[in-house]
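>>> Quick one, structure for this:
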Amino acid sequence: MGVEGARLTASATHTADALATALVPLAGAVTARKMFGGYGVFADGVMFALVDSQGAAFLHLGADADAEFPERHGRMPYGRIPDEVMADGAILLAWARRALGAAVAAKRR
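Below you'll find the predicted structure:
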């Protein structure tokens, strides 16, 4: 989730904690776990967001989300969350709800 060899930063930890806290209304139990130099963000055991080692946050992409996420996380189906979305809890929650749905659908395939 981070650049190979990059160290996990305090910014990454702060972003992961803030994202998990902001998204509690999504599923009630949203957790962030250290993974591959960054964090995976989970709801009900499904990873639907990630935070890279530098603190950039990404949501799982659905088929209809490509235009909203011009920056992707490498080859993974995750798009970077724009700053204005991170700053607006209601919009962030709506986007995260779609991302969780896309992650659940991808897991079923």
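>>> ok, residue 38 - how many residues close by?
Residues lying near residue 38 (other CB atoms under 10 Å) number 29. Using the backbone N, CA and C atoms, a C-beta is placed for each residue, glycine as well.
>>> again, but for residue 23
Close neighbours of residue 23, defined as other CB under 10 Å, add up to 24.
>>> gap between it and residue 75?
Look at residue 23 and residue 75: by CB to CB, to the nearest Å, they are 25 Å apart.
>>> do you know how far residue 77 is from residue 21?
In terms of CB to CB, residue 77 sits 24 Å off from residue 21.
>>> Looking at those two, which is more packed in?
Set residue 77 next to residue 21 and count neighbours by other CB under 10 Å: residue 77 wins out with 19 against 10.
>>> For the lowest-mean-pLDDT helix or strand in the chain, buried residues please.
Lowest by mean pLDDT, DSSP states H and E among the helices and strands of the chain is helix 24-27, with a mean of 88. Neighbour counts over helix 24-27 (16 or more other CB atoms under 10 Å) mark 26, 27 as buried.
>>> Check which helices and strands the one helix or strand residue 58 maps to is in contact with.
Remark: residue 58 resides in strand 57-60, with elements defined by DSSP states H and E. Secondary-structure packing of strand 57-60 (3 or more CB pairs under 8 Å, 6 or more residues apart in numbering; DSSP states H and E): strand 46-51, strand 78-80, helix 89-108.
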